[in-house]
Structure formats: structure tokens, C-alpha cells
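K.L.:
Output the structure for:
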Amino acid sequence: MSFHWNNEQIFLFHEGRYFQSYEAFGAHVAPGGIRFCIWVPDAKSVSVSGDFSGWNEAGISLELIAPESEIWQMVVPHAKIGDRYKYLIEAESGERMWKMDPYGREVEIPPGTASIVSAFSLSSVSIASRQVKRNRAGNRVQPMNIYEVHIGSWREHFGSYQSISKALPMYLVEHGYTHVEFMPVMHHPFGGSWGYQITGFYAPAAQWGNPQDLRELVEACHQAGLGVIFDWVPGHFCQNEEGLTELNGSEVYEAEEHPLWGTKRFQLSRPEVQSFLFSNAAYWFAFYDIDGIRVDGVASMLQPDEDYDPVAIEFFRSLNRMLFRRFPYAIVAAEDSTSFPKVTAPVYHGGLGFNYKWNMGWMNDTLRYFSLSDCEKTKKHHQLTFSMVYAFEESFVLPFSHDEVVHGKKTLLDKMPGTYDEKFDKLRILYLYMMTHPGKKLSFMGNELAPFLEWRYYEGLEWKMLEHDAHRAFYRYLNDLNHFYLKEKSLWEQDKSWDGFRWIDANNQEQSIFVYQRISREPMTYSLVVINAKKENYMEFRMGVPEHVKYRLVFSSNMHARGLNQPVKKIMQASPVPWQNQPYSIVLRLPAYTGLIIKPIRKRRRKDDQNG
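P.N.:
Numbering: from 1, shown residues only. Just a heads-up that it's a prediction; the model follows:
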């Protein structure tokens, strides 16, 4: 379909409200050739050059679509799909810059930096995608177990969109995951940025394949019943000269330099930049049929210094209003470590409008606690209980992400103190605690292998660890725990309120034992969790329970434990001994460094009894 600018579109773009500006800008097939269009304010001239012009430095001149519109356009007859190109921008000073297309949908493989005229366009939504959006993304009363993936380093020989689509989806289903979250797939010239320093915001990373390959990867995930989340980076961009930096010889898209990453912050107050970013978020939903985005670096945007930034606050509200109007099923998660209130409340209730927030406080406190020696745990008991003070203030995702296994922080296994076997014991209860704590779950690829080496973006995960008994046992354990979480409604039906959680004993700091109850929407369907975070082994541990019935051990962190000979009684009869503020209690064996999940045994009524 041929595109023609009108006054309303020009107005909306300059107001920051043209949410489909990808239809107008970039390189598009048009009657008579390829239509090139770019926004460049305060330029003396703009031209385009590429394979179709022999990369002539004079280029083919673009013209303003209207006086003072700052929008340059031209249909080039000899250009065709597959041609490489760049814009040649002449500043008022006479300086000339070669630039990638800010809206380019495809780029060449690094070290090349040219944009490519792409045939990639909208396609119809598959039945599998609609089912996922209805059953996964659009239904918040569900288990959510997210597997975070870096495409280039998941597995040797699987470092492309095409190859990973043949193996990853079924692997995730088999291992009990409901969603996959891809670290940035947008084009980035330096692999060491992990995708977070982008030059091509509308183009997938060319080193892993082309746009159609990526869309087929998303569809393969949908065919397997998985929800698909992309990391999205609106806070900053790469300073490489071919990218957005100093588009016209001065600041256009950028504000100040980001002090942590050496990138440029986006100038969020500029309406045209808003149109660019809002359209970009919508583009990945519309063209790649994804189910959600995780918004990177929200904290550094919301609170760049001691004060909250009102421009960023309004930016996020406008972003979420737009996204949920167009994509009501969307997952929009904030990576935010600030204490800004109502991040996941609707905008009309004074919130930022996200529907999930990464719980960075829970993650930091939990990993600090589990890295302590036994004697230190008594003094730091609150680190594992404090999260429940604020657990229901937001809709949280509990993340063990890539950020926790890099830069000398050690892997999750290596964070655990103690002997080789004790490290595994503690890692198992760490994950049992995560899966039974209110909130959705996220785990970085490779955590299931329990490696000792930190993640390295330039090579595959250490799958060879599965040759070792202890690592293979943990791999099987996490698989079982994931599937238990999926089927146990008490662990996810009421993630958002105290109706789904009750402390039985939160104050046993001397023994470092935690006891709590998770409750489904049917109050009589619940699970009891007891975690022993120390080395003491209790032959008889009394634990409070709410009913005078028999209880069954349904899950133990000792499952698959190497050489562990600490059997726990499977059936326990409650006695009328009040304990831990409960009317009844049971006595059980509680081994060292162990987590147990217990459920009441319900008598099933015979079918003929039910029929009278």
C-alpha cells in the first residue's frame, strides 16, 4: 500500500503522538521505486546513497515534504529490495555525516553498518499466537515461569534465530517454563553490550539472522504454547557515529551521556523522539507478534539523580496508555529498583501503567541471605522475611537474571558458601523459596546447569556440567520443581494479595527456619512450606498447621540430591497441640539445608455417594 503524508500525520509526529510513524519513515516499496524518508531538523541538505547509486558521495537528494516539516523524502527509481544504503546529511556548518536509517528494518552484518531496503512487512496473526495471547499474556491468574535467553550464547551451534527455533521452544516446554524473554534482539554492533547498546532500533541483530527468521522464532515459541517477551531499551543508545548520535552534527535524539554505560540518553522531552520510541515499542508487537516487553533501565530514567524526573514519568504513562489501547493482552514489565509508588497501577489510578515490575529488592536480599554463613544468618534473618512487608504493593516478577551471574558476582551455585555438596543443598532451597514466594518467576538460561563459571556472551553455556552427578541431579530437580509450580494452584492463583500467603512462623531466627502457607482461591486448597536454612538436622520438628487432618509431603528439596540419605516421613497426622499460632501441629523430620512442601490429605467422596 502506497503511503502519502497528510497534515494530521505531520502534526501528530511533531506532537509526540504519531504511534505508527514506522509506516512513514524508513525505506518502503512505492510506485516507481523505493520511498526513502527521514526526519532531520536544521539540515542544509539530505541525500541517500547506496548500492543503487554506486555509493556516490553526492547521493540522490531528498526534499522536504512541506516547508519547516523537517521531514525529508524521495522515491528512488533504481533502488530495490536488498540494496544497502545510508543517508548523507549535510549540517548547516557544511559538515557531512553518513548515517544508518533510524527507522531501518534491516541492517547488514557487522562490521558493516549500512541499512538494507527490506521486504519485511506485517503478516496475519496465527491461531497459535492468538491462543497464547488469550491463555498466557492476557490471563494474569496463571503461573508465569520465564526463561531469560541470550540468543548468541544459549548453545553451541544454535546461535541464530533459525537454529534456536528448532530446539529452544520444546526444551522450555519440557522443563516447565511458560514464557521466554529474549535479551535485546535489536541491532547492536558490539556483542559485549549483550544487546543493550543499540544502533538499529527497528532492525533485528543481523549477526543472528534476518527479520523473517526472527518472526519465525516467535511463531515457533507460540506453536509450543510459550509467551514471548522482548527486552526493550528506551533509556539510551550507542554512540557509534553511524547511529543516532549527532544526526545533523548536533544533538537531535540525544541528551546527556549516561554516566554508567558511556551511551547517550534519549531526549525524552522532544516530541519527535517520543514518536520514534512509542512507535518502536508498538512496532515489535505489531510486526513480530510478541506478547510483551521488559523495559530496561527504568530506574535510571525515572531517577537519574536524587529526584524523580517528571518527563520520564509522563513518558512511561503515555507509553503504557498507548500500548494497552492497541495491545490489551500485553505484558509490560519494568526493570525498576526505585521506590517510586504505583509502578504497576493503572495510569487512571495515578500509576505508571506497567503490569509487572521486577522485584530487585527481593532478589538482592535473598541472594545476600543465602550467601551468609550459618552463624551470620541469625543476625540477618529479616533479609528473607522483609520482602513480605511490600510483596503486594506491586505486581512483581522475582528475577534471577543475567545481571546476577556476571562481573565477578559469581554464579548462583558459587554464591552459596560451604562444601561442594552444601552448595547444591542451598541452591535447591534457594529455588524452592523462590517458587513458593508470591510473584511471577524469571531465571536466566544456564542456571539449571548450576555452573561455576559466570556467563560469557561469546560462547555457549556449560552443558558439559551435566556429565557430573551433582549438576545433573540439580538439573532434574529444577525441572521437577518447575512442573510442581505449574500444577500447584496455591503457588500462583493469589500472587497479588495476603489472601494467598500467611506466615506461620516468620521469627525463628535462632534456628533460621521459615514456615508459611500458600493458599489458592479455594481456601481449603493450600500448601505449607518449611525451610531449614542451617546445617542442623532435626529428627523431630514440630510445626503448626491449621487443620486436624493428615498431611502429606508432596515436594522436598532433597529430591535427586547426590548421596543424601535423609528420609522424611511422607504422611503426618496433626495433633491437637497448638503451635506457632496455629490450633494444631505435626511433627516431622527436617534435615539440614532442606525445604519441604506439605499439603492436607482430603478424602475423596465416592461417585455413588455424590449421586445419593
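K.L.:
H150 touches W194, doesn't it?
P.N.:
Yes - between H150 and W194 a contact is recorded at 6.4 Å, counting by CB atoms under 8 Å. Using the backbone N, CA and C atoms, a C-beta is placed for each residue, glycine as well.
K.L.:
So which of the two has more stuff around it?
P.N.:
Between H150 and W194, counting by other CB atoms under 10 Å, H150 is the more crowded of the two (22 against 19).
K.L.:
quick one: V252 from A281, how far?
P.N.:
Counting by CB to CB, to the nearest Å, the gap from V252 to A281 is 20 Å.
K.L.:
re the thing from before, can you work out which residues contact both of H150 and W194?
P.N.:
183, 402, 457 (CB atoms under 8 Å, 6 or more residues apart in numbering).
K.L.:
okay, these in TSV with secondary structure next?
P.N.:
Listed next are these as TSV, based on DSSP: H, G, I helix; E, B strand; the rest coil:
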residue	secondary structure
M183	coil
H402	helix
Y457	coil
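K.L.:
just curious, which of the residues you listed is nearest to I313?
P.N.:
Distance ranking of these against I313, using CB to CB, places M183 first at 26.2 Å.
K.L.:
Any chance you could list what contacts stretch 175-182?
P.N.:
Under CB under 8 Å, 6+ apart, the answer for stretch 175-182 is 136, 142-151, 168-169, 172, 221, 226-231, 291-292, 294, 331, 442, 448, 478-479, 481-483, 485-486.
K.L.:
same deal with stretch 249-268?
P.N.:
40-42, 89, 91-93, 95, 97, 102, 196-197, 234-239, 244-247, 270, 273-274, 276-277, 300-301, 304, 311-312, 315.
K.L.:
rerun at 6 Å
P.N.:
Residues from elsewhere that reach stretch 249-268 (CB atoms under 6 Å, 6 or more residues apart in numbering): 91, 95, 197, 236-237, 239, 244, 273, 311, 315.
K.L.:
swap in stretch 580-590?
P.N.:
Stretch 580-590 is contacted from outside by 504-505, 532, 538-546, 548, 551, 568-569, 572, 574, 576-577, 579, using CB under 6 Å, 6+ apart.
K.L.:
how close does K133 sit to D101?
P.N.:
30 Å.
K.L.:
Settle it for me: which of the two has more neighbours?
P.N.:
Between K133 and D101, counting by other CB under 10 Å, D101 is the more crowded of the two (26 against 23).
K.L.:
Just say helix, strand or coil for the more buried one.
P.N.:
coil.
K.L.:
Quick one: residues contacting it.
P.N.:
By CB under 6 Å, 6+ apart, the residues touching D101 are 26, 115.
K.L.:
so V568, which of the three states?
P.N.:
Relying on three-state DSSP, one would call V568 coil.
K.L.:
can you count the residues close to it?
P.N.:
15.
K.L.:
For it, which non-adjacent residue is closest in space?
P.N.:
Nearest non-adjacent residue to V568, counting by CB to CB, 6 or more residues apart in numbering: R589, 4.8 Å away.
K.L.:
Could you verify that that neighbour is part of a helix?
P.N.:
No - read with three-state DSSP, R589 is strand and lies in no helix.
K.L.:
ok, it - how many residues close by?
P.N.:
Neighbours of R589 under the rule other CB under 10 Å: 17.
K.L.:
Going forward, the N-terminal residue is numbered 32.
P.N.:
Sure, I'll start counting at 32 from here, so that last one is R620.
K.L.:
State the pLDDT value of it.
P.N.:
The model reports R620 with a pLDDT of 94.
K.L.:
Over to S155?
P.N.:
pLDDT, read off for S155, is 78.
K.L.:
Next: R171.
P.N.:
pLDDT, R171: 75.
K.L.:
hang on, the earlier thing: buried ones only from the shared contacts of H181 and W225, please, as a PyMOL command.
P.N.:
To isolate the buried members of the shared contacts of H181 and W225 in PyMOL, using 16 or more other CB atoms under 10 Å:
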select buried, resi 214+433
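K.L.:
Show me which of the shared contacts of H181 and W225 is closest to P142.
P.N.:
Distances from P142 to those, taken by CB to CB, are shortest for Y488, at 17.6 Å.
K.L.:
Now do the same contact list for that closest one.
P.N.:
Contact analysis of Y488 by CB under 6 Å, 6+ apart lists 184, 222, 225.
K.L.:
just the helices in the stretch 532-643 of the chain please.
P.N.:
Here the stretch 532-643 of the chain has its helices, by DSSP state H, counting those that start in this stretch, at 638-641.
K.L.:
what residue ranges in it score low on pLDDT?
P.N.:
Applying pLDDT under 70 to the stretch 532-643 of the chain picks out residues 591-598, 636-643.
K.L.:
Kindly report the same for the stretch 82-231 of the chain.
P.N.:
In the stretch 82-231 of the chain, residues with pLDDT under 70: 167-170.
K.L.:
show me where it has helices.
P.N.:
Here the stretch 82-231 of the chain has its helices, by DSSP H, counting those that start in this stretch, at 158-163, 192-196, 199-205.
K.L.:
got the ones you listed as JSON lines, with distance to E407 and mean neighbour count columns?
P.N.:
Listed next are these as JSON lines, based on distance: least, CB to CB, whole Å; neighbours: other CB atoms under 10 Å:
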{"stretch": "helix 158-163", "distance to E407": "44", "mean neighbour count": "16"}
{"stretch": "helix 192-196", "distance to E407": "41", "mean neighbour count": "20"}
{"stretch": "helix 199-205", "distance to E407": "36", "mean neighbour count": "18"}
